[in-house]
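Visitor: All I have is the shape, not the residue letters:
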Ligand SMILES: Nc1nc2c(ncn2[C@@H]2O[C@H](COP(=O)(O)OP(=O)(O)O)[C@@H](O)[C@H]2O)c(=O)[nH]1
Ligand SMILES: [Mg+2]
């Protein structure tokens, strides 16, 4: 299995914590001491996850939130099975912008599963910041979407839960799973054909 079974994109304004969320999930790390690095275009990583006893290769695209890269970011929506749209509960601006990301995404991938993610839970819990986005506003907006998670990449709280829910939802999607099976079969055929063809050139 060399290609990704499920494609997940991360969207949200600059600085909301998208790259930290991916880093925490994939590497179980949090780099608070590293100076802020803007993601350019998008970064890709993959992780194997299980659902219902089966393995799935999950590809994660961490996009740049900056308007400078917006035209580029759209390229990464295409073919996404799930999107995590991030906002900071202490930033009304990041919440306002979230609607924009959702519209953009829907325009390109109508059937993409959408998850909202409120980031930096540790800061709110610790009283370091104050909430600007009311909880009932988030709850109302989340209805009709696939879920809402409130995460901390610093402590890891709810990070695995968010990604597990995405994989479980994808694995339970009959049409999507049919495509995954078809793609795996095609890959096996391509690989067998490639090996058969290259056998003729082997002199060992
Ligand atoms: N305390 C705390 N800081 C965070 C958390 N997530 C991200 N940050 C910090 O927020 C800043 C922006 O994070 P980053 O992941 O680069 O945001 P991005 O621009 O959305 O990719 C960095 O200084 C991170 O260390 C978190 O869960 N808790
Ligand atoms: Mg980033």
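Guide: Looks like it arrived, so ask away. Everything numeric here is computed off the predicted structure, so don't read it as measured data. Residues are numbered from 1 along each chain as shown. Ligands and ions are numbered 1, 2, ... in the order given.
Visitor: Tell me, please, the helix or strand in the chain that averages the lowest pLDDT.
Guide: Here the helix or strand of the chain ranked lowest by mean pLDDT, DSSP states H and E is helix 70-77, holding a mean of 73.
Visitor: ok, residue 178 - how many residues close by?
Guide: 10 (other Cβ atoms under 10 Å). Glycine gets a C-beta too; all of them are placed from N, C-alpha and C.
Visitor: Correction: the previous question concerned residue 15.
Guide: Neighbours around residue 15, by other Cβ under 10 Å: 15.
Visitor: Can I take it that it is in a strand?
Guide: No. Looking at residue 15 with DSSP: H, G, I helix; E, B strand; the rest coil, it is coil, so not inside a strand.
Visitor: so what secondary structure elements neighbour the top helix by length along the chain?
Guide: Once the chain is assigned using DSSP state H, the helix that runs over the most residues is helix 174-199. Packing contacts for helix 174-199, counted by 3 or more Cβ pairs under 8 Å, 6 or more residues apart in numbering; DSSP states H and E, involve helix 159-171.
Visitor: between the helix it packs on and helix 174-199, what angle do the directions make?
Guide: Here helix 159-171 runs at an angle of 90 degrees relative to helix 174-199 (axes from the mean of the first three to the mean of the last three Cα atoms, to 10 degrees).
Visitor: Figure out how far helix 159-171 is from the centre of its chain.
Guide: When distances are taken as Cα atoms, centre = their mean, to the nearest Å, helix 159-171 is centred 10 Å away from the chain's centroid.
Visitor: where exactly do the strands run in the protein?
Guide: All strands of the chain, identified by DSSP state E, fall at 6-12, 42-51, 54-63, 82-87, 113-118, 147-150.
Visitor: Using a markdown table, please lay out those together with mean neighbour count and distance to residue 166.
Guide: Shown next, in a markdown table, are the strands of the chain (neighbours: other Cβ atoms under 10 Å; distance: least, Cβ to Cβ, whole Å):
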| stretch | mean neighbour count | distance to residue 166 |
| --- | --- | --- |
| strand 6-12 | 25 | 6 |
| strand 42-51 | 15 | 9 |
| strand 54-63 | 19 | 8 |
| strand 82-87 | 26 | 5 |
| strand 113-118 | 23 | 6 |
| strand 147-150 | 18 | 8 |
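Visitor: For ligand 2, find the nearest of these.
Guide: Proximity to ligand 2 (Cβ to the ion) singles out strand 54-63 among the strands of the chain, at 5.9 Å.
Visitor: strand partners of that closest one, parallel vs antiparallel please.
Guide: Sheet pairing of strand 54-63 (DSSP bridges) gives strand 6-12 (parallel), strand 42-51 (antiparallel).
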